[in-house]
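# Dropping the sequence and predicted coords here.
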Amino acid sequence: MVREGYIEQISHPSGILYLFLLTVSDAQGLSYYSDPATCKRLKMDQTTLNQSRDELIHLALVAYKRPLYQILALDPVDSPQIEKKLSDFESLGQIFKQMMEVKA
């Protein structure tokens, strides 16, 4: 989000909404929080929520079809150095997945 430059393109309320959706979404990036529940948790009015959601949709960060949000994958990073770090992260992800399978 930061390296891709999205953070400079969004307002504070949109950033708060995006962070909230990241933290409450399931493994597929889906969140079923209603507008009233989201507004209450973020201390945001409906107009601000609508504007923030529209901003995130415009930047292709989320998809929305009432009442469902989905966090969308960010475009791949072009830097080979960052790509290497991402592949290392995927390796760690595989390790954690294997650890969870052993415990189950």
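It's in.
# mind checking the end-to-end distance for stretch 49-67?
By C-alpha to C-alpha, to the nearest Å, the extent of stretch 49-67 from end to end equals 13 Å.
# likewise stretch 39-55?
16 Å.
# tell me which residues in it are buried?
The neighbour-count check on stretch 39-55 (16 or more other C-beta atoms under 10 Å) flags 39, 42, 44, 48, 49, 51, 52, 53, 55 as buried. The way it works is simple: take the backbone N, C-alpha and C, and place the C-beta from them, glycine included.
# Show residues contacting it.
If you take C-beta atoms under 8 Å, 6 or more residues apart in numbering as the criterion, stretch 39-55 is touched by 10-11, 13-14, 16-17, 20, 33, 35, 38, 62, 64, 69.
# List just the nearest of the buried residues of stretch 39-55 to residue 29.
When the buried residues of stretch 39-55 are ranked by distance to residue 29 (C-beta to C-beta), residue 53 comes first, at 15.0 Å.
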